[in-house]
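sharing a sequence plus its predicted fold:
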Amino acid sequence: MSVSKAAMATIAAFAAAVTSYGEEPVIAIAGSSAAQSYGSTDGRKIFGWGEVMQDFFAGAKVVNFAQSGWSTKMFIDRGRWDELLAAKPAYVLMNIGANDSKEGEWRHTDADGEYMRNLRRFAADAEAIGAEIIFVTLNQRLIYDKEGKVRAKDRIPYTAAMEKVAGELGKTCVDLSGMHSELLESLGEEAATYLFRINDEGKLDRSHYSRPGAIRMAEMVAAGLRNSDSSIKQHLR
């Protein structure tokens, strides 16, 4: 019986994962630019919380599959979700949806439609391989309203949808969105700028993060996990 190229690729990816990760449980991160690993050496340049998350765990391997600009649709269609599953994670931190909100673009999904269906698929697929999915709601931008509140309005429906799916399925949901808002509001705009990156033109990027900003988000994710009922907290430092 012949084996398809797709099946061979999946087998190879799994073999590589076993070789690379050994006996340590794998914590996989699914996300977009807020979580991606960039490899910057300048702390004011772009960092993602996923690339500093390993510092918060002992006896577990964090593997970051986050990709800047990607939506849940892209994560599925471009094979990244299959790559993540092939790594056989024990846990999946799911922090994706910011790009699903881009109306008028092919990567867009409706918050109460395809987005929720994709989240349910992620949860079912994770359960099928014995992994625990943990939802992490969406981060904020450095933009304040007239009352000094920080709310990325385009992301509110997606955070609500994620919370709804987590509630329906009985899954852990870390309120990164709320914690991030509280942090930025408590600091105020001027004091919070150090949490955001300086772009290549030397200007403040209000949507992406510096190394300090990535670390603060990772701290909040870790705090949410520590206060949850998930067994992942046994691996936190």
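Happy to help now that I have it. Numbers count the residues shown, from 1 in each chain.

what bridges to the residue positioned nearest the centre of the chain?
Closest to where the C-alpha atoms of the chain average out (CA atoms, centre = their mean) is Asn95, at 2.9 Å. With DSSP bridges as the criterion, Asn95 is bridged to Gly31.

what sits against it?
Residues near Asn95 by CB atoms under 8 Å, 6 or more residues apart in numbering: 29-32, 34-35, 66, 135-139, 176, 221. Every residue, glycine included, has its C-beta placed from N, CA and C.

do the same with Lys102
With contact set as CB under 8 Å, 6+ apart, Lys102 has these partners: 71, 108.

confirm it sits in a strand?
No - going by DSSP: H, G, I helix; E, B strand; the rest coil, the assignment for Lys102 is coil, not a strand.

and the gap between it and Asp110?
Distance, Lys102 to Asp110, using CB to CB, to the nearest Å: 12 Å.

mind checking the backbone torsions on Glu201?
Phi and psi for Glu201, reported as degrees, to the nearest 10, are phi -90, psi 0.

so which residues of this structure form strands?
26-31, 61-64, 91-95, 132-136, 173-174, 196-198, 204-209 (DSSP state E).

minimum distance to Glu189: which of those has it?
Nearest of these to Glu189, taken as CB to CB: strand 204-209 at 9.6 Å.

so which elements touch the closest one?
If you count contacts as 3 or more CB pairs under 8 Å, 6 or more residues apart in numbering; DSSP states H and E, strand 204-209 packs onto strand 196-198.
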